[in-house]
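K.L.:
Provided below for reference: sequence and predicted model.
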Number of protein chains: 2
Amino acid sequence: MVVINTEIAQQSLAEAITPEPDFFVRSHFEVPDLDAASHMLTIEGAVANRIELSIDDLRAMPQHTIVATLECAGNNRTAMNPLPPGEPWNGGAVSTAAWGGVRLDSLLQLAGVADSVVEILSEGADSGVAEDGSPLGFIRSMPVDVAATALVALSMNGAPLTAAHGAPVRLIVPRWYGVASVKWLRRLEAIIEPYQGWFQRDRYVIDRVDGSEPVPVQQMAVSSLLSAPLEAVTAGAVTLTGWAWSGQGEVVRVSVAVDDQWVDAAVEQSDDPNSWCRWSLTTKLLAGTHHVRCRAWDSTGRAQPLDVPWNRLGYVSNAARGYSVVVL
Amino acid sequence: MVVINTEIAQQSLAEAITPEPDFFVRSHFEVPDLDAASHMLTIEGAVANRIELSIDDLRAMPQHTIVATLECAGNNRTAMNPLPPGEPWNGGAVSTAAWGGVRLDSLLQLAGVADSVVEILSEGADSGVAEDGSPLGFIRSMPVDVAATALVALSMNGAPLTAAHGAPVRLIVPRWYGVASVKWLRRLEAIIEPYQGWFQRDRYVIDRVDGSEPVPVQQMAVSSLLSAPLEAVTAGAVTLTGWAWSGQGEVVRVSVAVDDQWVDAAVEQSDDPNSWCRWSLTTKLLAGTHHVRCRAWDSTGRAQPLDVPWNRLGYVSNAARGYSVVVL
């Protein structure tokens, strides 16, 4: 079984929109081979009307586009010591694309969601085998108010979704960690009790070692990265630049440490509220290797921490990451 | 060119003395193939008598044994973010052996070191090529009072030195980082000015990013490791054990955090002042994955830090390291 997991390609880190071939890929199972002509999306559960929609049906509905940054909840897992199990992501499990499709809210209205519904469950066509050998599908759920913000996406950066990114149809849940944006979407179910499946309660939870209850990962924590320079530069005025994002609010501040001296960077708000925003700082650098860190704050008052408590599954490792900038 | 660098074998981590095949290996260049029958050690420089000694000459002199822990100054480099250049050591570039040979002090007395001498330079038979393409030998120096504590070693754990560990003769400088214990020793020189060569001034220095002058690595900083359990254990009373050492003083305390709760461990002083000492703590563990850290203090009052400032070459990364202990 080939399960594809790749980080964002360095060549595209400078772009606000990540080209499809360079967008990070997170798969739990082998990529399913779905036929767009016959694939159906079912909406069922506590609804007035169970509906089945083909890709053509979805294409015939009003289309919307949102620019959204997706980040894997395990991004930067390698910064944790010891390395927890799971994909050993460095800082590249984050990318941004323009997603096109139908508002999930419209579909839920069409189906007529009952008042008693608390969550919308979403199921991908990918599946594998659980630790005990039983079949395991990829199933997640989200509160109904979050579902109202989601897109049932058919396209990425203007082209039909590729297989790696969920063709022919996937969810995009802006501001939430990528796990919520179920790929190869085949079923939505309106449920009246919170879902307790494997990918909801046993994985994608922050399981600290202080005895506290595990906390599900939901909105992306405030974070940032350096996108340039990642190769050696000439001594003199050097522009450090990168991206900052938060699923919990707007990014309001980015501070950058060059050799342990923190200075605020300029932050350029994105027109798209669900997209990362660019930060930059021009500073004079002498020849040598400089240690650079970046740190963002959001409008909820949350700051990227300098250190993150270890947790058993290595999620939300959003401590300010260090970079070596080589100046010749 | 094959340059061998290996960490201590896990199977021997529980032993106070590391068997030769399991002892960590640090090489800068290819292992030289020296003939013990013809190899000569020269002692020269600011001395009354330049002398040349064969291995048989050295064997004929009074022999001493010291048990000494050696640690590479780059041990735990992977705990630094971003990863500095150099060998990507995890925590296993440390081992302990019983070394036999002649006291360097005796040889220096034989040669008659001048009063003006400040350092003893030591040269290995290994060599390679510098960044600019010129020949580069492995040459280090140490203050004369440190040289007085060193051993010119011919044996390791009772057997003649193996090629990987410096056959037929090497230095052992107890309490100093391993780089001082020059392998494949062919020349000692009494010098009257501090040595400024590559491996003394350009490598094996702590080069922080706060603008401070680079500091040469000398005595080992206080550190510790967990040696057991490294595999899953059964729930109940579990004994956590490991080693602690310091080149700067005696280990006086080890504290162990299980899931962020720090408790002092028992410390068993070694009979050998240059050897690591065992610590242990028996505690009740429930099923699950526990996050364990250990931290030592030495008699100079120094403690292992919880975090170490990043430095450009990634040396002395002695922050308390984390381990996952799996309990079934």
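P.N.:
In hand now; what should we look at?

K.L.:
might you enumerate the residues of the stretch 1-150 of chain A proximal to chain B?
P.N.:
Selection of the stretch 1-150 of chain A residues close to chain B by CB under 8 Å from any CB of the partner chain yields A:79-82, A:84. Quick note: C-beta positions are derived from backbone N, CA and C, even for glycine.

K.L.:
quick one: which two of these are the most distant?
P.N.:
Using CB to CB, the residues of the stretch 1-150 of chain A next to chain B reach their maximum pairwise distance at A:Ala79 and A:Pro82, which is 11.6 Å.

K.L.:
more neighbours: which of those two?
P.N.:
Shown here are A:Ala79 and A:Pro82; by other CB atoms under 10 Å in any protein chain shown, A:Ala79 has more neighbours (22 against 17).

K.L.:
need the contact list for that one.
P.N.:
Counting by CB atoms under 8 Å, 6 or more residues apart in numbering or on different chains, A:Ala79 touches A:308, A:317, A:319, A:321, B:81.

K.L.:
same thing with A:Ala73?
P.N.:
By CB under 8 Å, 6+ apart, the contact list for A:Ala73 reads A:177-179, A:204, A:217, A:315-316.

K.L.:
now with 6 Å, please.
P.N.:
Residues near A:Ala73 by CB atoms under 6 Å, 6 or more residues apart in numbering or on different chains: A:177, A:179, A:204, A:217, A:315.

K.L.:
surely the third one and A:Ala180 touch.
P.N.:
No. Counting by CB atoms under 6 Å, A:Tyr204 stays clear of A:Ala180, with 8.9 Å between them.

K.L.:
per-residue pLDDT, A:Met1?
P.N.:
Note for A:Met1: predicted pLDDT of 59.

K.L.:
how near is A:Cys294 to A:Gly91?
P.N.:
11 Å (CB to CB, to the nearest Å).

K.L.:
for A:Ala163, phi and psi?
P.N.:
In terms of degrees, to the nearest 10, the main-chain angles of A:Ala163 are phi -60, psi -40.

K.L.:
that one: neighbouring residues, count only.
P.N.:
Every residue meeting other CB under 10 Å relative to A:Ala163 is counted, giving 14.

K.L.:
any idea how far chain B is from the nearest residue to it once chain neighbours are set aside?
P.N.:
Leaving aside its sequence neighbours, A:Ala163 sits nearest to A:Val31 (CB to CB, 6 or more residues apart in numbering or on different chains; 5.2 Å). Distance, A:Val31 to chain B, using CB to the nearest CB, to the nearest Å: 30 Å.

K.L.:
what's the burial count for A:Val31?
P.N.:
By other CB under 10 Å, the residues close to A:Val31 number 20.

K.L.:
list, one by one, the residues from the stretch 201-328 of chain A near chain B.
P.N.:
Contact residues, the stretch 201-328 of chain A versus chain B (CB under 6 Å from any CB of the partner chain): A:209-210, A:259-260, A:289, A:291, A:310, A:312, A:322-324.

K.L.:
filter those to the buried ones?
P.N.:
A:209, A:259, A:289, A:291, A:310, A:312, A:322-324 (16 or more other CB atoms under 10 Å in any protein chain shown).

K.L.:
list the buried residues for whichever strand or helix holds A:Asp145?
P.N.:
Here A:Asp145 sits within helix A:144-147, counting by DSSP states H and E. Judged by neighbour count (16+ other CB under 10 Å), helix A:144-147 contains these buried residues: A:144, A:146-147.

K.L.:
same check on stretch A:192-212?
P.N.:
A:195, A:197, A:199-200, A:203-209.

K.L.:
out of the residues you listed, which comes closest to chain B?
P.N.:
For the buried residues of stretch A:192-212, the residue nearest chain B by CB to the nearest CB is A:Val209; the value is 3.7 Å.

K.L.:
could you pull up the residues touching the closest one?
P.N.:
When contacts are counted by CB under 6 Å, 6+ apart, A:Val209 is found next to B:259-260, B:291.

K.L.:
just A:Gly288 next, same as before
P.N.:
With CB under 6 Å, 6+ apart, A:Gly288 has these contacts: A:Val327.

K.L.:
quick one on the thing from earlier: elements contacting the helix or strand that the helix holding A:Asp145 is followed by?
P.N.:
Of the helices and strands lying after helix A:144-147 in sequence (DSSP H and E), the nearest is strand A:151-156. The helices and strands touching strand A:151-156, judged by 3 or more CB pairs under 6 Å, 6 or more residues apart in numbering or on different chains; DSSP states H and E, are strand A:94-103, strand A:170-172.

K.L.:
can these go into CSV with extra columns for mean pLDDT?
P.N.:
Putting these into CSV (pLDDT from 0 to 100) gives the following:
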stretch, mean pLDDT
strand A:94-103, 98
strand A:170-172, 98
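
K.L.:
so for B:Met40, which of these sits nearest?
P.N.:
Taking CB to CB, strand A:94-103 is the member of the helices and strands packed on strand A:151-156 nearest to B:Met40, at 60.3 Å.

K.L.:
angle of the very next helix or strand once past that closest one against strand A:94-103?
P.N.:
Beyond strand A:94-103 on the C-terminal side, the first helix or strand identified by DSSP H and E is helix A:104-111. Helix A:104-111 and strand A:94-103 meet at an angle of 30 degrees, taking axes from the mean of the first three to the mean of the last three CA atoms, to 10 degrees as the criterion.

K.L.:
so among the residues of the stretch 201-328 of chain A next to chain B, where is pLDDT lowest?
P.N.:
Ranked by pLDDT, these bottom out at A:Asp210 (88).

K.L.:
hang on, it packs against B:Gln261?
P.N.:
No. With contact defined as CB under 6 Å, A:Asp210 does not count as touching B:Gln261 (8.5 Å).

K.L.:
phi, psi of A:Ser246?
P.N.:
Torsion angles, degrees, to the nearest 10, at A:Ser246: phi -150, psi 140.

K.L.:
for A:Val292, list the residues it contacts.
P.N.:
Residues in contact with A:Val292 (CB under 6 Å, 6+ apart) are A:258, A:323, A:325.

K.L.:
the last one - how many residues pack around it?
P.N.:
Counted with other CB under 10 Å, residues neighbouring A:Val325 total 22.

K.L.:
show me where the stretch 201-328 of chain A has strands.
P.N.:
With strands called from DSSP state E, counting those that start in this stretch, the stretch 201-328 of chain A shows them at A:205-206, A:215-216, A:223-228, A:236-245, A:251-258, A:261-264, A:266-268, A:277-285, A:288-298, A:322-327.

K.L.:
got the ones you listed as TSV, with distance to B:Pro135 columns?
P.N.:
Shown next, in TSV, are these (distance: least, CB to CB, whole Å):
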stretch	distance to B:Pro135
strand A:205-206	54
strand A:215-216	59
strand A:223-228	38
strand A:236-245	35
strand A:251-258	37
strand A:261-264	40
strand A:266-268	49
strand A:277-285	33
strand A:288-298	26
strand A:322-327	26
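
K.L.:
among those, which comes closest to A:Leu108?
P.N.:
Nearest of those (CB to CB): strand A:215-216, 21.6 Å.

K.L.:
so what strands line up beside that closest one?
P.N.:
Strands flanking strand A:215-216 in the sheet, each with its direction: strand A:205-206 (antiparallel) (DSSP bridges).

K.L.:
what does the partner strand rub up against?
P.N.:
With contacts defined as CB under 6 Å, 6+ apart, strand A:205-206 is touched by A:214-216, A:311, A:315-316.

K.L.:
kindly report the same for stretch A:151-168.
P.N.:
Stretch A:151-168 has contacts (CB under 6 Å, 6+ apart) with A:20, A:25, A:31, A:34, A:36, A:39, A:55, A:66, A:97-102, A:104, A:169-170, A:172, A:183-184.

K.L.:
if we go to 7 Å?
P.N.:
Contacts to stretch A:151-168, defined as CB atoms under 7 Å, 6 or more residues apart in numbering or on different chains, come from residues A:4, A:17, A:19-20, A:23, A:25, A:31, A:34, A:36, A:39, A:55, A:58-59, A:64, A:66, A:97-104, A:107, A:169-172, A:183-185.
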